[in-house]
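1. My questions are about this predicted structure, shown below with the sequence.
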Amino acid sequence: MLPTIEQRLAIELAAKPVQVAAAIALLDEGATVPFIARYRKEATGGLDDIQLRLLEERLRYLRELEDRRAAIIASITEQNKMTPALLDAVTHAEDKTRLEDLYLPYKQKRRTKAEIA
């Protein structure tokens with residue numbers, strides 16, 4: 001089973017999962033990194049602004065990765081070309097580059113007006 005985004009961030013930042021969960025909740029509520037670092041330090045267990053900035057960037061990246069992963073799985077499944085091995089490879093892809101490399105053979109090409117004519 002793959003670790004959740006919160007677990008991955010906790011490992012990457014060497015922080016406790018509770019700290020990461022609190023910081024994510026504050027960021028999702030719309031709080032900015034400087035605000036959290038100055039006024040909500042007790043809520044995040046003392047994460048400093050550098051850790052919070054890194055957490056914010058990685059959180060955005062990992063969420064985009066999960067969204068893209070879901071779109072790729074849906075697209076390949078819709079084409080009836082999904083295999084268990086491919087699903088496993090897509091599910092375990094660690095970055096966007098690897099994910100796009102796996103999707104490339106299944107990517108539908110755009111049809112131009114010249115091709116239609």
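-> That came through, no problem.
2. From now on I want contacts and neighbour counts done on CA atoms only, so please keep to that.
-> Noted.
3. For L26, give its distance to L55.
-> 12 Å (Cα to Cα, to the nearest Å).
4. can you check L9 too?
-> When L9 is compared with L55 (using Cα to Cα), they lie 7 Å apart.
5. any residues in contact with both of these two?
-> By the contact definition Cα atoms under 8 Å, 6 or more residues apart in numbering, L9 and L55 are jointly contacted by V20.
6. helices or strands next to the lengthiest helix in the chain in the packing?
-> In the chain, taking DSSP state H as the definition, the longest helix is helix 49-78. Helices and strands touching helix 49-78, as assessed by 3 or more Cα pairs under 8 Å, 6 or more residues apart in numbering; DSSP states H and E, comprise helix 5-13, helix 17-28, helix 33-39, helix 84-91, helix 96-103.
7. Now tabulate those helices in a markdown table and tack on distance to Q51, mean neighbour count and mean pLDDT.
-> Below are the helices and strands packed on helix 49-78 laid out as a markdown table (distance: least, Cα to Cα, whole Å; neighbours: other Cα atoms under 10 Å; pLDDT from 0 to 100):
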| stretch | distance to Q51 | mean neighbour count | mean pLDDT |
| --- | --- | --- | --- |
| helix 5-13 | 7 | 17 | 92 |
| helix 17-28 | 10 | 18 | 95 |
| helix 33-39 | 9 | 16 | 94 |
| helix 84-91 | 27 | 13 | 93 |
| helix 96-103 | 23 | 15 | 93 |
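8. For S75, which of those is the nearest?
-> Among these, the nearest to S75 by Cα to Cα is helix 96-103 (9.3 Å).
9. just how off-centre is that closest one within its chain?
-> Offset of helix 96-103 from its chain centre (Cα atoms, centre = their mean, to the nearest Å): 13 Å.
10. any idea of the angle it forms with helix 49-78?
-> Relative orientation of helix 96-103 and helix 49-78, computed by axes from the mean of the first three to the mean of the last three Cα atoms, to 10 degrees: 0 degrees.
11. Without its sequence neighbours, what residue ends up closest to T44?
-> Leaving aside its sequence neighbours, T44 sits nearest to Q19 (Cα to Cα, 6 or more residues apart in numbering; 4.7 Å).
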